[in-house]
Each structure stands twice: as C-alpha cells, then as structure tokens.
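Undergrad: Quick one: sequence plus predicted model below, questions after.
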Amino acid sequence: MNLVIVESPTKARTISQFLGKDYKIESSYGHIRDLPKSKLGIDILNNFKPQYVIPLKAKKTVTVLKKEVKKSAEVILATDEDREGEAIAWHLAEALKLDESKIKRIVFHEITKKAIAEALKTPRGLDFNRVDAQQARRVLDRLVGYKLSPFLWKKVAGGLSAGRVQSVALRLIVDRENEIRNFKPEEYWTIVAELLKLSASGGESEKLKLIEANLFKIGTKTLEKFGIKTKEQAEKILSELKQCHYSVLKIEKKEVKKTPLPPFTTSTLQQEAVKRLGYSSKKTMFLAQRLYESGHITYMRTDSVNLSVESQTAAKQWLENNLGAPYAAEAPRAFKSKSKLAQEAHEAVRPTDVENTPEKILLADPGEKKIYELIWRRFMASQMPQARISSTSVEILASVKDQRSPPKADPPPAEKIKNYTLRATGQQILFDGYLKIWPQKLEEKELPPLEENEELKLKEVKPFQHFTEPPPRYSEASLIKTLEEYGIGRPSTYAPTISVIQIRRYCFKEQGRFKPTEIGELVNKVLTENFPEVVDVGFTAQMEDELDEIAAGKISWQGVISEFYEPFAKNLEAKYQEVSKKELTQEQTDIKCELCGKPMIIKMSRFGKFLACSGFPECKNTKSLNNNNNAGKEPPKSTGLKCPKCTEGEIVERHVSRGRARGKLFWGCNRYPQCDYASWENPTAEKSSSPASPDQ
C-alpha cells in the first residue's frame, strides 16, 4: 500500500477517483507545523532558527498519519507545487519522521487522471531551496509583526498590528487619500458641434445624417486637453464657430485589430472578479480553490500566462466544432507575462476540460459557477482570432464666413486667417472574433458617407464645462494591480493582505473603494516616520526579489534575514525612547467634563478618536465624537431628530459592527455609550414604539 498525502480533504477525494486500490489518500488539513502563537518562536541568537510546534488542532491528524505511514511501502507527498506547498511537504516529512528513502514528492498543475499519472511517473525529492524561501518569508513576517505590533500597542493603542506587506498596502491607500485631499480642481471646457450632411436635393435629415464633432485644433495649433480654461474663452470661440462655414477637410479610414487578453493569473482573476462580479479577492480565491480541488480548473495561485500545447489544441478543436473555423486562431496564441512577479514555470488559470462549458458543468454553488465561467471564457477567448474594427476619422474645417467672399483688396496674411478644425470619429465591428465569447465595452458609431470638400451645415454648437478630478481611491482590483506592478507580495498574499487591513479597521470600503480610518492614518504616520524601510515600496519589492533568489538557491535565507533585522532592531530600540504616546494620540479641548469639571481631551483607540476626561483614572468619563468614523465605516448620517430616550443626543444612522447582523442599518443615539437608545425602524419614516438593542 502506498500513502498519498495532500493538504485538503476535497483534493484527497478528487485524487481518489483516479488512483486504484494500491493507494490510500489522506489529508493533512493544511500545515501541521507552524511557529507558536504565544511567543516569537525564532531563536535570533542561533542564526534565526525557527521553533516549530504542532498546533493542538493538528495533533489528531498527525497521529492518524503516523499510523498510516507505518502501514505504507511508500509515502507520496502531493501538496501544491508552489513554495507554500513545498513547505507543507517538508513539515510533513519532519513531523512524521519520514525515512528519506520512502519519500516521493510529486507535483501537478491540475487534478486530472492524466496529470496524476504523469506526476507518479516522475517523482522527485523535496526542493529545499523553495522550503528555505518560504521559511524566510515566514520568519521575516513574524519578526516584523511580533516586534512592531507591541510598539504600536504601547505608543498608539492596544490591538493594533503591523505587517511587512499589509503596512505597504495601507501606505498606498493613505498616500492616495492625501493626494485626493491636496488636489485642487482646475476648470476647462470642451466644445462639440452638431453638423448636418446635406442631402442631394439640399434638404436635411437630422435623424440619419447628424454628425457630432469635437473641436481639436485652433488655427494650426492642436488644442490640448485643458487648453480652454475659462468660460470667457469658450464663449469667444463659440461665437466665432457660429459664424463659420463647415466643410470636410480630410477622411481617414483604417482597420483596427483588437487582440484578446491573456488567460488569467491569480492577480488578473481577482481583478476581473471584482469588476464583473463584485466579489472580494478573498471570496474569489475561496471559490477558485474549490474549483481546483474538485478538478475543474488548473492551479489558481500562479503568476504565469503560459499554456500547455494540449490545452491550446483542445481549445482550437472546440472552437472549430462549435463556432466554426473562422473563430479559431490559425496558430496557438502564446503570451508573455508583464508582471515583475512571474518566476515559476506554472500554467495560467484555465479549465481542465474545455468540453465542460459553463452551461454543461454541474456546480451547486452559484459563486463557483460564475468564477468558472469567467475562467473558461477568458481562456477560450485567448485562443480566438482578433476582432476587426473599421475606424473612420473625419476632420472638418470651420472657417469664418467673411473670409470666403472674394477679397476686395490683397488677401490677409495666412497667419491672420482664423479657422478651426473639428474631428468626428466612427467605428463599426467588421468581425467580432474573440468578442463573441469575451464581450468588452465597444460602442459602435456610424458616420454618414462623406467626401472631402463636401459642405456641411451647422445645427448647433455646445460648450461643456469640466473640472479636473483627483485620482480615484483604490478598489480591490486597482490595489491588487498596483501591488503586482510594484512587485509587492505574491499571488497567495493579495487576498489575506486586503482582508487583514479591513479586519484591523485601518480602512473601510466606501462605494467599493478603500478609505483609511483615523487609526489607519495614524498607524501609517507612525510607521512612515519611524520605520520607513518597513513601508517603503522599493524595499518591500527588493525583499521579494531576494526571496526569489533564495528559491533559486543563489543566496542564504539567514543572510537575508540578518541584513534586515540588525538595523531594524537597533532602530526599534531607539524609537521606544524617542516616540511619545501623548504627542501621537492626545489633543487638548475646551470641553469640560460634566462629572468632575476637568478638561476633556481627544484620545485615540484602535476604533478611532473619542473624548475622555483628563482626570483619568479618578474620573473615567468618556464620550463619542459626533463626526467619528471610528467603527471603520462611514461617519453616521444625521436624521435631525432628538433622541427620545435622553432628549440630549441626536438620532443618527449606524451599522451593526459585529455578530450575525453585521452591516445591517439601524438608528441610534449619537451619545452612545452614555445613551443606549437604538431602533431597527427608520424614525424619519415612522416612529419606533419600542427601542431594540442591536450590538453597538
């Protein structure tokens, strides 16, 4: 009997369908060894040696696996092919005290009968370079988290945390918020003319022959995007355009080809799921993990856009059989990764069997089905021909009317002749190609047939006022894209990073975009000013490169940790002496404590700012701030109604912060916790007869 160990029970069940009675498949249920939770667990003086333990929840699993090992001729470690999977395999070997002669390590990119059979033919030993790279990441993250978090507890507030990647993500969010705050909008104008093509008889047909053209040149000078800055400038141009004669100056027609996007990587899958489905990165990865473990898609943690020849051949055959030969690319299309992170020879995320179309595949979970459809369509589209689009650009000359009449004297110098050039564009799809399976926003716009020097009639000319806008806050999709572009983190880290900065209440989502909380901004300020290397984008990306070099066997992992830790520890010791908690977290006010008469001060907790009596601990009076967003949500919206219970406060909209009803809207007194009035009913619609008690 041969024992196969994987990390997931779902994966175990799928593999068991492909292996015969000579194999026993067991699951480790993830990591069976880890650093201890209660202490640092790293022997800094002994070359940063990790002190691994078997967590309580894994002890029963280890006992079962040890019994199975004794009954087995061979032990096959079939955990995932990335560094995390390699580390799990190594921890299994260590915890189960496996004889190296009995160990076989196999990897596969998809859980199919063919892939498993091929992997069993080519087993290998453990890749200790990959194990070392994962250990280095784990030790580095533990040192940053376990050393910096207590500093934040002491200098800011309890319950806070810092992390090597999460702190950089937070900095990106806070920096963007500061850009938005400091942004000064600038006015600019655009001008659009509505023109009519005259019929052969000289009549007009507005419905069929209307042309919209944008002003893009004044005289011989191309108009810049923000070239018309004031209403007065716009009105002067408008006045002249109304007096102009219009004729077609130039017509350009060309065929434009749109190439399909590459198949998904972890990053692009998460980005597209946010945009098209509104799914968080965490939800997307959870659903993709289940699809992988059930054998429906290839491995979902990848930064590669490579595709196997077999998958490309299968896609071509399906397209020819179901859509016709014109919809199959003549040759397999290969893609090159633009990501700084791509380093492992994986495949892109794709379906394991193209015949399992989204309509045919049996999936009980609607979320799984939607993610599968995204993956299937993106992969199939990548192997389809380009879309062909006819693009037409028409330049229209607007010249002042009196300049067209025969001159009574010598003509004015050319540079003094005032004219304008406008541009109209149109496009039509000639062949939809990959758009048949992967629709994208593409507005078709038809222009009437025109000829050069043809005269046009002005129907109307309109000015439009605009203001420059600040950069948008990060969405999950744009934050993941930015982290990837900078080379921060790896495919497996995006979802947990985004999750933890929300759990810690460092930011919250407002209309689907990240906005930092007060405590998030303060934590970022403390880290940026005192530990700049920890939140430096370049430094964090460089560390990822060094982890890659460890995985390639080029450098020692202990050397990388030592180079970081020694200056970090020295700086941390100094900052404990230099940084004052009062200066960071307290503000004086003129408000008097109604209990003892001493001044109230604004203090900071991990939930945000609040008022507290300066006489603490003798006086423990505290009050919430009306403009507080300390719950990690939007500031409470006022109803303008007095609280019926205390008659002093005001009723505001709030959201339940925890429990089963988390996120649900309710109405409560803004003096909470001094007044605990709350109601599920909207008091502006109908008065609540009795107060309820949602968890505030």
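TA: Alright, I've got the coordinates.
Undergrad: quick one, domains of this structure?
TA: Domain assignment for the chain by automatic domain parsing gives 2-126, 136-182+473-578, 187-259+387-467, 273-382, 585-679.
Undergrad: What's the end-to-end length of the fourth one?
TA: In this case it means domain 273-382. Using Cα to Cα, to the nearest Å, the end-to-end distance of domain 273-382 comes to 17 Å.
Undergrad: now swap in the last one and tell me
TA: End-to-end distance of domain 585-679 (Cα to Cα): 33 Å.
Undergrad: And it, how far out from the chain middle?
TA: 33 Å (Cα atoms, centre = their mean, to the nearest Å).
Undergrad: One more: the first one?
TA: For domain 2-126, the gap between its own C-alpha mean and the chain's C-alpha mean amounts to 31 Å (Cα atoms, centre = their mean).
Undergrad: what is the mean pLDDT for that domain?
TA: Confidence for domain 2-126, expressed as mean pLDDT, is 93.
Undergrad: Quick one: name whatever helix or strand follows the helix or strand bottoming out on mean pLDDT in the chain.
TA: Lowest by mean pLDDT, DSSP states H and E among the helices and strands of the chain is helix 206-209, with a mean of 54. Next along the chain after helix 206-209, taking DSSP states H and E as the criterion, comes strand 210-218.
Undergrad: For that next one, list every residue counted as buried.
TA: Using 16 or more other Cβ atoms under 10 Å as the test for burial, strand 210-218 gives L210, I211, E212, A213, L215, F216, K217, I218. Glycine gets a C-beta too; all of them are placed from N, C-alpha and C.
Undergrad: Now distance to V256 too, for those residues, in a markdown table please.
TA: Listed next are the buried residues of strand 210-218 as a markdown table, based on distance: Cβ to Cβ, whole Å:
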| residue | distance to V256 |
| --- | --- |
| L210 | 24 |
| I211 | 20 |
| E212 | 20 |
| A213 | 20 |
| L215 | 24 |
| F216 | 19 |
| K217 | 23 |
| I218 | 28 |
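Undergrad: From the residues you listed, pick the one nearest G489.
TA: F216 (42.4 Å; Cβ to Cβ).
Undergrad: now A334: how far from K436?
TA: 21 Å (Cβ to Cβ, to the nearest Å).
Undergrad: And for F379?
TA: 14 Å.
Undergrad: I602: neighbour count?
TA: 15 (other Cβ atoms under 10 Å).
Undergrad: so which helix or strand takes in it?
TA: strand 599-605.
Undergrad: ok, now T421?
TA: Using DSSP H and E, T421 falls in strand 419-431.
Undergrad: Please apply the same query to D590.
TA: Here D590 is assigned to strand 587-592, by DSSP H and E.
Undergrad: report the angle between the axes of that strand and strand 599-605?
TA: Counting by axes from the mean of the first three to the mean of the last three Cα atoms, to 10 degrees, strand 587-592 lies at 140 degrees to strand 599-605.
Undergrad: For strand 587-592, which helices and strands make contact with it?
TA: strand 599-605 (3 or more Cβ pairs under 8 Å, 6 or more residues apart in numbering; DSSP states H and E).
Undergrad: I371 looks like it's in a helix, true?
TA: Yes: according to DSSP: H, G, I helix; E, B strand; the rest coil, I371 belongs to a helix.
Undergrad: List the contacts of the closest residue to it other than its chain neighbours.
TA: In this structure, I371 finds its nearest non-sequential neighbour in L287, 4.6 Å apart by Cβ to Cβ, 6 or more residues apart in numbering. Listed by Cβ atoms under 8 Å, 6 or more residues apart in numbering, the contact set of L287 reads Y279, D365, G367, E368, I371.
Undergrad: Which one of these sits in the busiest neighbourhood?
TA: Most surrounded of those: other Cβ under 10 Å gives I371, at 30 neighbours.
Undergrad: just checking, S28 touches K57?
TA: No: with contacts counted by Cβ atoms under 8 Å, S28 stays clear of K57, the gap being 11.7 Å.
Undergrad: which stretches of the stretch 351-500 of the chain have low pLDDT?
TA: 401-417 (pLDDT under 70).
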